[in-house]
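> compute the structure for the input listed below.
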Amino acid sequence: MAAEQNFPLYPHISLPMTEMRPHYEVVVIGSGYGGGIAASRMSRAGKRVALLERGEERWPGEYPSKLHECIKEVQYDSVKAHIGKKSGMYHIYNGNNQDAVVACGLGGTSLINANVALEADDRVWQMPFWPDEIKNDMISIKTGYARATEMLQPVPYPKHFPELPKLKVLEEQAKRLGSDYLKNFYRPPITVTFENRVNAAGVRQLKSTLTGNDCTGVNDSSKNSTLMNYIPDAWNHGCEIFCEIYVQRIKKDKETGKWIVFYKWLNKEHEKFYNDDNQPLFFVMADTVFLAAGTIGTNEILLRSRICGLEISPQLGMRFSGNGDLVGFGYNTDLFCNGIAMGEQNPLVFKNGPVGPCITGIIDMRKSAEHVLEGFVIEEGVCPIATAHALSVVSQATGIFSSGVPIPFTQRILKSINVILSRFSKYNGAMAKTQTYLIMSHDDNSGRIQLENDKVKIEYKGVGSVKTVEKLNKTLELATAKINGAYVPSPFWMKAFGNGLITVHPIGGCCMGKNGDNGVVNHKGQVYKGNGTEVYDNLYLCDGSIVPAALGVNPFLTISCLAERIMKLAAEDRGLKIDYELVKQPIDWNNPIKKWPSYNVEAERALKKNNTESRITFNEFMKGYFSTEVLSTAYRAAEYQAKSSASTMQFTITVVAQNEQSLVDMEEFSAEIVGTVSCRALSPDPLIITNGKFRLFVNEKEKVDSRSLMYNFNLLATNGKKYRFKAFKRLLNTNVFTAWDQVTTLYVTVLDCTEGDENEFSNIIVQNKDDDMDVNPKNRKVIGRGILYVELSSFLKQLSTLRAIGCSSRGQKRNALFRFFKYFSIIMINHAFARFRPLSYPGRFPIARPFYHKHRPQKETWTIVSDDNVETLIHRFKGGLKGPVLLIHGVAMSHEMWTTNLIKDNLLDYLLEKEYDVWLNDHRLSPTNPECYKQQTLDAVKLDQKAAINHVRKITECDKISVIAHCMGSVTTLMGILDGSIEGVGSLITSQVSLYPVNGLMDRIKRSLNLVSLWRYVFKQDIFDVRTSPDTDLLNFIINQLLRFYPVPRGQGCNNALCHRASFCYGTLFQHENINQEVHDHMDEFFGAVNITTMMHLMTISKAKRIVDFNGNDVYVTDENIKKRLDFPILLVHGDKNVVFDIVATRMSYDTLIKTNAHNMDQYRMYECPGYGHVDCLWGNKAYKEIFPEMLKHLEDTRSVYGYGMK
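Here you go, the predicted model:
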């Protein structure tokens, strides 16, 4: 969150989807200006309204301000694909010559717009596009403007506020451009608050801190988005708001006459189990629908609805306009502009002073234009910090001195220095002297929105090639030259991009018209059924999609005006009266003016009481979803199915421990559970809990640092039916917030219950072969599964119910509670703050430990010599006459990565069981080989792979063999194959990296910091040893402590020093949830040291993003080499959560292979391992059934081209 001034805290006012009724009088789709107005006015008219918003509910204080936070909120749509989460706040549409940027969230695009509230030119309303009812009733337009202004409360930037450099610069530019421009310069009204106040909707707001963060979301509560006025006003008058509701289409039911609104619920947990094509649709019914999903969203919904049978005007999607938007920049000027948003900077101490709201000044050339279509406005703006770096790069590429006028040599030097300074900080140098421009003008509104493969496609070919666009860019270029800057037009307006444009004001596509032949809606916003004048009486559009032409100015006030007019007419047609009187008191967030009865009414529950002495008791309330359809252990899938059918479950229980020891000593004790469960899928009435047992924080051996809370009881229904309820919560290493989620999430299984069933806790949950929670060891009939949750309010109540009863004194009571809290807190802290726990090191001496043993053939070992006279080892386990298969390990690992008995099912044993002749080498980078401490290039390591392959061929007398190579084993093997030094490989499996090694983000950052050179030349170290101990030297001790804070993917934190060092050296090597505790605790058995020369070669390769030699020469990955030497079967295996090497690189490798050898492309295959990282693809508890079979299939399918199968 931004480090801005303290801001008012606002409660979230949206309801969970489960609270949605099946029917409403009014459903409003979208929450921007049109949607907010519709929801507010219909609620004030006494209607029961539901507002559906695709995005998330965020209030000031919750908007992203850091670059990585903003990136997470970007979603990108094109005909080819959707990238990013569908509720991402910043929504980019890629079209043909016309792109668009809008916002997704409660408040719509008003969350990130530039605030300028100007009416359209009077001449715009007389253009022929408008219906006569509009042109002949300008009083209603003025009334609409007035009502919108009353709620949005725009004002110009106050003159008594601090001077803004960018505003002053725009005024100076107007002066230098001439009197025609200067006379049209003024401060426009903007929807920003400049005083601490309660606004027209009763919402408390603080004055602007002038951060300039408008386009990413202002966290100081000063921005008058609809979230601060119309939407809370609607909520205050009874509107029920639902977020992350992605409306797909609508239809009118012929029998009931009701509208059916189909939608997807954008719940991130659900999306893990469903792709975009098969995600089930929910629906809600309505008497009247107001569609205001934004210009593009509304067109998308109606286009999809038309495909599904809704009769609509053929004009749908036509006459789309970008509102004549142009973006440009005056780079590296002579004047200080301070036009870069503060982002996360604290405005109280920001060195450059106030940035200001996004737009505070305007050169309004509309009135000066002879013809309305020649009018335009120039506004100064702010570059969001998230895009400042990209702007800097583009600006430098465009030119430093191209101001159009001669510049003295000294000034050229100064400008060059400014460019250099801006590379260190976007608040210095050239970027601090960069002015951002936004123009609104008039295009020909001939664009088109359509659906292609169910995805939005914007067609506006040639929009950027017209003379008007060139003329306006020339105007901006001249304005920039006046202050000795370089004009940088929008990057999209380059020939390489087809002279395209980008708009932040998309309008049209569902334009107003006289009938269905020239419009989609009438003047009231009602949708035409076809070509004629017949409309759907209860289907309205009220957003920018109905505007029939570019307005030549920021459009939101005009959109609001039209929406206000539509709502007035809709109310009049229904005999409704809208109460327009503003609220007189601040909103009471706990008691709105109007609140409809809740859809889900909870019944009271009676708790059984137990008077046993010295007992610890607490109550717990959980609720969630339960499915009788999904019976597997896919709990999230069960939850998703249950939500789709509104199948809820909730329970209220009392846990009763005979003493506090019953809760903390799980080996001998369990606590009792009493209470009730409500679940209509099982019974229309509450069910009583009988024979309930509870255990706290039971260790799980098959997951790293994992503990479980376990519930087990019988359920008795009013009809006598009995069920067995078994559930668990799982706690892993995480952060505070995720730890909260884990201990408040319960995974439920309900089984059939038999007479005489006893709750023996040893049978509750055992670890099965697949590392899943086995809650059904007796294979009873599964009735259903689901997930329940504890809400924060319920958890706070739960804490208040914790008590020690039956104690003889207050001291005994305090001691009992203290012991319980201490135990609970220590466990939670250890998992929530794993980084701060004492570091875990390998034992100083070998000790007896658990391991898995499987019978193997006698191990044979040879010493082999490479071409450069380096001795290495090669081992053989002859499991049969399939193969032979050579397994090649990675950097600083030995062949024991394949043979370790810490894993129940390793790849070696898997292949031996399948009767393969398996070979393993220990090349010079193995910690078992003294050569690993010498400086080695990967070019040399390939010689070891050559020697190993030749040895296997010689001993087995096979002309060709199969190779499975991991990480740098893959790279060095491919080096030898590509340059021709390695022959005899007939089948290859690469693990995690192939032709194009591209590092993950953290490794790229480390490479940019030159840490390898620092280690060698500053710290004078020739190796980096992943292994460590508490007795290490001072340097490594400091490193071990610092690496506690090394960034790792979410949920991957731990206190293992070796794991930290491995992550630092290579990147996070595995998803912790995929491996067992023994592997994690004993990684020193197969990890070792890596020499710095090898690391430098790795850096060279990663920088080149392809396999190169030590000097960076591209001698390996050439079309000729690939075509000639990789024309044989290859399987590329990659974990989709691998942060060491990006999966995109393996996709590139696969693409190169199939294109280069297209004549035999079927011999190549890529397997993406879902849920896996790097080495856990080989060590994972489930790798034997999720990944190894894919490798085996490749070996089996290619047996005829290598090894014994060729004989």
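> secondary structure element holding Cys1177?
helix 1176-1179 (DSSP states H and E).
> tell me which residues are up against that helix.
Helix 1176-1179 is contacted from outside by 897-898, 900, 903, 906-907, 966, 991-992, 1069-1071, 1074-1075, 1079, 1133-1135, 1169, 1183, 1187, using C-beta atoms under 8 Å, 6 or more residues apart in numbering. From N, CA and C alone the C-beta is placed, and that goes for glycine too.
> give the buried residues for it.
For helix 1176-1179, burial by neighbour count (16 or more other C-beta atoms under 10 Å) applies to Asp1176, Cys1177, Leu1178, Trp1179.
> for stretch 380-393, same thing?
In terms of neighbour count (16+ other C-beta under 10 Å), stretch 380-393 has its buried residues at Glu380, Gly381, Val382, Cys383, Pro384, Ile385, Ala386, Thr387, Ala388, Leu391, Ser392.
> touching, Arg58 and Gly217? I think so.
Yes: look at Arg58 against Gly217 with C-beta atoms under 8 Å: they come within range, at 7.0 Å.
> so which residues of the stretch 801-950 of the chain form helices?
810-832, 896-899, 907-913, 938-956 (DSSP state H, counting those that start in this stretch).
> for Gly509, find the nearest of those helices.
Closest to Gly509 of those is helix 810-832 (C-beta to C-beta; 49.4 Å).
> next one: the helix holding Cys1177 to chain centre, how far?
With C-alpha atoms, centre = their mean, to the nearest Å as the basis, helix 1176-1179 stands 25 Å off its chain's centre.
> right, and the helix or strand after it?
Proceeding N to C from helix 1176-1179, the next assigned helix or strand is helix 1183-1186, under DSSP H and E.
> give me the contact list for that next one.
Asp770, Lys904, Asp905, Leu907, Tyr910, Asn1074, Cys1169, Tyr1172, Asp1176, Cys1177, Gly1180.
> widest-spaced pair of these?
Largest separation among these by C-beta to C-beta: Lys904 and Cys1169, giving 18.3 Å.
> who's more crowded, those two?
Legend: neighbour count by other C-beta atoms under 10 Å for Lys904 and Cys1169, higher for Cys1169 (23 against 16).
> one step back: show me the buried residues of stretch 380-393 that map onto strands.
If you go by DSSP state E, these have Glu380, Gly381 in strands.
> lowest mean pLDDT among the helices and strands, pick that one out for the protein.
Least confident helix or strand of the chain, by mean pLDDT, DSSP states H and E, is strand 766-767 with a mean of 38.
> if we can go back for a sec, avg pLDDT for the helix holding Cys1177?
On average, the pLDDT along helix 1176-1179 is 92.
> what do you get for stretch 242-249?
Stretch 242-249 comes out at a mean pLDDT of 93.
> so that it lines up with my notes, have the first residue be 3 from now on.
With 3 as the first residue, the last one maps to stretch 244-251.
> any idea how far that stretch is from the chain center?
Counting by C-alpha atoms, centre = their mean, stretch 244-251 comes out at 18 Å from the chain centroid.
> so where do the strands sit in the stretch 53-202 of the chain?
Assigned by DSSP state E, counting those that start in this stretch, the strands in the stretch 53-202 of the chain fall at 76-79, 84-85, 92-95, 100-105, 187-188, 199-200.
> who's in contact with the first one?
So the one you mean is strand 76-79. Contact with strand 76-79 is made by 84-90, 92-96, 106, 457-458, as judged by C-beta under 8 Å, 6+ apart.
> now do the contacts for the residue nearest to Glu454 when sequence neighbours are not counted.
Nearest non-adjacent residue to Glu454, counting by C-beta to C-beta, 6 or more residues apart in numbering: Val81, 5.0 Å away. When contacts are counted by C-beta under 8 Å, 6+ apart, Val81 touches Glu454, Asn455, Lys457, Val458, Lys459.
> list the beta-bridge partners for the last one.
Just to be clear, that refers to Lys459. Lys459 forms beta bridges with Gln452, as assigned by DSSP bridges.
> so it is in contact with Ile451, correct?
Yes: under the criterion of C-beta under 8 Å, Lys459 makes contact with Ile451 at 7.3 Å.
> neighbour count: the two, which is higher?
Looking at Lys459 and Ile451 with other C-beta under 10 Å, you find the greater number of neighbours at Ile451, namely 30 against 19.
> pretty sure the more buried one is touching Lys457, no?
No: contact criterion C-beta under 8 Å: Ile451 and Lys457 do not qualify, at 11.2 Å.
> ok, back up a step: for the residue nearest to Glu454, grab phi and psi.
Note on Val81: its backbone torsions stand at phi -60, psi -30 [degrees, to the nearest 10].
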